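Undergrad: Could you work out the structure for the sequence below:
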Amino acid sequence: MSKILIVVFLTVYTSSFAQPKQSIFGEFYSIDKDHSYIGFSIKYMGWAKVRGRFADFSGLVRYDPGELSKTSTTISISASSINTDLDFRDNDLKSENWFDVVKYPRILFQSQHLNKTP
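TA: I've put the predicted structure just below:
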């Protein structure tokens, strides 16, 4: 059985000069798409790695430094924006065999919890 490793590098868009604001609900930040990357890697035929990425996505991060349990993220990805640098494979991944982008155009990720590690 294949395992898919999805690597998400996200940059939260904030001004480095902005002063933090105190808020009951925490702060909300948009993901900076120009400086972020959503990609994956999967083994093909047991030995070769196939890498790919999604070019079209957006997201929001809610950060509450006072109560980390209220920190969350939501990311929406356009399934049709998949790119593995091989048109034949990309078209197959977009088809009903895999993502079925006509029926399911968006991939939605919503965090469920946050774990603080030392």
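Undergrad: And residue 70, how far from residue 63?
TA: Residue 70 sits at a distance of 9 Å from residue 63 (criterion: Cβ to Cβ, to the nearest Å). C-beta: built from backbone N, CA, C; applies to glycine.
Undergrad: Same drill for the two, tell me which one is more crowded.
TA: Just comparing residue 70 and residue 63: by other Cβ atoms under 10 Å the higher neighbour count belongs to residue 63, 17 against 13.
Undergrad: The more buried one contacts residue 29, correct?
TA: Yes. Counting by Cβ atoms under 8 Å, a contact exists between residue 63 and residue 29, whose distance comes to 6.6 Å.
Undergrad: ok, which stretches of the protein are strands?
TA: 4-9, 27-30, 37-44, 48-54, 57-63, 72-78, 82-83, 106-110 (DSSP state E).
Undergrad: Tell me which of these lies nearest to residue 118.
TA: With Cβ to Cβ, the closest approach to residue 118 among those belongs to strand 57-63: 19.5 Å.
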